[in-house]
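[1] give me a 3D structure for the following:
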Amino acid sequence: MLVNKYIRNFLLMVLLLCCQNQFAQTKDYYSLKEVVRNRFVKLEINTQSEALQFAKNAEKLFYISSIRINGDVDVLTVLRAALKIDELTDIQFKRFNNFPSKALLDSLIYIESITIYSNEENTERIADLASLPTLNSLTIYLDEKVENYKFLKPFERKINNLSLIGDLLPRHLEEITNILSSFPFLNTLSLSVDRLTDLPSSLSSLKMLSTLNLYDNLSRAAGNGIEDLGVEYFEIIYDKEYDVSKGIRINYFSDNNSLSEFERDRLIAIWKGELFVTNAKIPETFSLNSDSAGAIISFAQAPSIDFVSSPALSPPYERIKKQGEIFAIDPHKAAILHTLNGINALIPAESFVDDENNSPAETVYVRITHLENQADLLFTGVPMKAIGGSDPEYFSSKTMFNIVASTSKNNLKLKEGRQIKVEYFGDNDTLAGNYLLDPESKSWFDLRIYYYSDAGIIPQDFYNLKQSPSSENYYHLDNSDFNSRFFSENNYFLNDAFTTVQNIVIEGKYVVKPQQNWEVQNINKIYVKVKKGRSLIKIQRLAPKDAVKGFIYFRLTDKLNNLLFPELKPFSKFNFIYISSKEDKKEFTREYVSQMKYNDIRIKYVSGNEFCLITLKTDEGFIQIKALITDEKSVKKKAKEIAFFSKLYKKYSTSLAARENAFNNSILNRATAYKQYFSSRENSMNKTKKLQEIRIRELGVFAAMTEEKTGATSEIIAAYTDNGGLPIDVKQVYVIQKNINSVQVLKPGNIMLDLVNTSLIAVIDYTGNFYYLTAKDLKSLNLTSNSLVYFRMTKLLPATKTIEDVISITGLKAE
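    Now for the predicted structure:
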């Protein structure tokens, strides 16, 4: 029996460990070795030796954005090295010694965010952190109860985001709030509390506060980290001197993420407003400045997908990256992904698992990056060398793609035994082979050898999967509806997501749909070009003769004469009313007219009310104006004007609903037309090229390639300067030839070139700058073998942001 007891306890311990691993968060910070190898941007330092190693290599780690310091580490060593890293904006330290001087802190001009663990003994030193020139976010974990919070005062005009996590008693919360009441820029506050009833009423005095995060101390005491807690979202709308409606977002984090009725009542009592339960988190990226009293309700936050990057890829220039196409799929259904480049991925149902081999229950995001030309290969950092030697061979790509998958929380892999079929149209080259880029060795494996056995592979009928009506077809087309586009940050007016300029088709009196470049132009169609950044709604102030003192009168107009917003036509001559502040007569113009660009609008009215709520969409979020609809004091005349407005609002609602239906129906029709376009395009491509396929059993980088000799026979003794004649400290040389879809990576010094076919020479220096020499520049040098030459290179400017820009500047053909 005793043995059985020990066995039972052992099995219980194993089970607990398994559960712990299953629900563990993916790691956010990485060791120095991992950061160097994979170019992660978040570094964790645990020992003094790691700190010294970091200090030694700081200049090479220019891409790091955040450092977390654990253990007994000399903070000064890390901070002095941080002076060399411009991208570093965030530092977290759990324990500190040798607290930095104000002079050193004053030199850290890029640090915007600090997280620190503190106790009663060292809180006074925290005030020194106010010397950081650009600090705007401060998080303090209080290891012990702190009785004096005066150390916060030096941050008064510095921070807009403050977090205090610890055992905060009601008297502490009262003191903290009193101190923060003079903070003019504070818009986000995070506090840990025992009970919501501990919150002081003075919280409502924080006029600029737009987001309040509350963490339940009881849930934290149970061993949960903040990131493990559930969350419930609230919004309280309240009035300030009868003017614009104000709003504060409250996020409550706890084990059961549910507030009791009396706790909700406490929140309502503090702000004396109306509480709404919402289901979407509001990002905290928008900061109100001291001149803005109007609350902006930020856009709902889209899932943040952090796709894993293959260690085999070494992008030479971090500013320019190849963007892939992302598809959001249902993991429980078979999916067919149609990319814009003609690659189709056939994915069986239940194909993905996380690192713990658990199947995802939520939406899966699949990113397919098609590397079609030499510029793509160059900026993605794909190793292309095949065989070394005096006349080296390089792979020449016929097609190449990188496929990865993730949920909003975890990166995914293919379930063991599963496979995905990737189709593409290509030449029938019998010499081409299919390859996988191994992330460990950074070399290419022939799939015929790598996948030598089908043992353990689940048979899959991809033909039936492709034909089955139960398979979901996904296209890279925005099919979101009318209302979704209004509430989305990614849609400007009714443009497709992330599209800055688009033609909006008009049929009859309604905007019908965004036009696509694949559609054949119809001369009978009328459209208007909508460009992001253009103001589409105008707030027009006016001064009626019988205006009431203190009232501001305005009208809402469509800047394109009701072409985009025909529903506003009933209000074309109606005067909305805003009650101005007696102290600031320019408040309305400053906050709602000057420099404001509105691209969409909704008006909400409840019959019988004397006011309506106007919601205007901007690039940053939504601005709401609570507007009166009558200034009459006579009860009879007031009732008459309210009845009149109700009729106008009914016309508005009818017109808005008609525009919504017209748009949604046309979007469905456009989706059907888009599928037909893809089908006809595939049929057309099938006439000149053959449908090829690669079956993959894991995610990563795959390619169909041939091996080619470079033909580089001319040795060039090369030195490199910029256009001003200053020498370039070259780290790596890249050569592209027009006859091979490849990129040669060479060491500085003597290089071998094919002088006839070389179309681009590029170099990267040790500070990460990119320089290039075009085929035209090379030809003008009249080089011969054994020439000694100074290559005068052109520096790629920071304004160059895309691969397409590089192709245009360098003349490199996108073949």
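[2] drop to CA atoms for contacts and neighbour counts, all remaining ones
    Will do.
[3] regarding this structure, what is its longest strand?
    If you go by DSSP state E, the chain has its longest strand at strand 393-406.
[4] next one: that strand to chain centre, how far?
    Distance of strand 393-406 from its chain centroid, counting by C-alpha atoms, centre = their mean, to the nearest Å, is 25 Å.
[5] what stretches of the stretch 351-500 of the chain score poorly on pLDDT?
    Low-confidence segments of the stretch 351-500 of the chain (pLDDT under 70): 387-391.
[6] show me where it has its helices.
    374-380, 447-450, 462-467, 482-487 (DSSP state H, counting those that start in this stretch).
[7] which one of those helices is the most hemmed in?
    helix 374-380 (a mean of 23; mean count of other C-alpha atoms under 10 Å).
[8] for it, packing partners?
    Secondary-structure packing of helix 374-380 (3 or more C-alpha pairs under 8 Å, 6 or more residues apart in numbering; DSSP states H and E): helix 803-810.
[9] what is the helix it packs on packed up against?
    So helix 803-810, by 3+ C-alpha pairs under 8 Å, 6+ apart, packs with helix 374-380, strand 770-774.
[10] on that earlier part again, return the set of buried residues in the longest strand of the chain.
    Within strand 393-406, the residues scored as buried using 16 or more other C-alpha atoms under 10 Å are 393-406.
[11] now swap in stretch 473-480 and tell me
    Going by 16+ other C-alpha under 10 Å, stretch 473-480 has these buried residues: 474-475, 479-480.
[12] stretch 662-670 now?
    Those would be 662-664, 666-667, 670, for stretch 662-670 by 16+ other C-alpha under 10 Å.
[13] tell me which of those fall in strands.
    Per DSSP E, the subset of the buried residues of stretch 662-670 in strands is empty.
[14] which ones among those residues lie within helices?
    Residues of the buried residues of stretch 662-670 located in helices (DSSP state H): 662-664, 666-667, 670.
[15] so what's the nearest residue to I159 once chain neighbours are set aside up against?
    Nearest-residue entry for I159: N136, 3.9 Å, with adjacent residues in sequence omitted and distances by C-alpha to C-alpha, 6 or more residues apart in numbering. By C-alpha atoms under 8 Å, 6 or more residues apart in numbering, N136 lies in contact with 112-113, 158-161.
[16] among those residues, which one lies nearest to G811?
    E112 (40.0 Å; C-alpha to C-alpha).
[17] next one, pLDDT for the closest one please.
    Confidence at E112, expressed as pLDDT, is 88.
[18] about what we covered before: got CSV for the buried residues of stretch 473-480, with distance to N757 too?
    Output for these, formatted as CSV (distance: C-alpha to C-alpha, whole Å):
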residue, distance to N757
Y474, 40
Y475, 38
N479, 45
S480, 47
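[19] among those, which are in strands?
    474-475.
[20] ok, of the buried residues of stretch 473-480, which one's closest to D255?
    Distance to D255 across those (C-alpha to C-alpha) is lowest for S480, with 34.1 Å.
[21] re the thing from before, now the helices of the stretch 351-500 of the chain in TSV, with distance to K597?
    TSV is the format used below for these (distance: least, C-alpha to C-alpha, whole Å):
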stretch	distance to K597
helix 374-380	36
helix 447-450	54
helix 462-467	46
helix 482-487	15
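[22] out of those, flag the one nearest L203.
    Using C-alpha to C-alpha, the helices of the stretch 351-500 of the chain put helix 482-487 closest to L203, at 29.1 Å.
[23] following that closest one, which helix or strand shows up next?
    strand 501-507 (DSSP states H and E).
[24] okay, the helices and strands packed on helix 803-810 in TSV with distance to Y734 next?
    Converted to TSV, the helices and strands packed on helix 803-810 look like this (distance: least, C-alpha to C-alpha, whole Å):
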stretch	distance to Y734
helix 374-380	8
strand 770-774	9
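[25] ok, which of these comes nearest E144?
    Closest among those, using C-alpha to C-alpha: helix 374-380, at 48.6 Å.
[26] name the residues that touch that closest one?
    Against helix 374-380 from outside (C-alpha under 8 Å, 6+ apart): 313-317, 320-322, 371, 734, 736, 741-743, 803, 806-807, 812, 814-815.
[27] cutoff 6 Å now
    315, 741-742 (C-alpha atoms under 6 Å, 6 or more residues apart in numbering).
[28] may I ask which of the residues you listed comes out lowest in pLDDT?
    P315 (90).
[29] quick check: phi and psi on it?
    Here is the backbone geometry of P315 (degrees, to the nearest 10): phi -60, psi 130.
[30] what's around the nearest residue to it once chain neighbours are set aside, how many residues?
    Nearest non-adjacent residue to P315, counting by C-alpha to C-alpha, 6+ apart: G381, 4.1 Å away. G381: 18 surrounding residues under other C-alpha atoms under 10 Å.
[31] thought G381 was touching L313?
    Yes: with contact defined as C-alpha atoms under 6 Å, G381 and L313 form a contacting pair (5.1 Å).
[32] much appreciated, bye for now.
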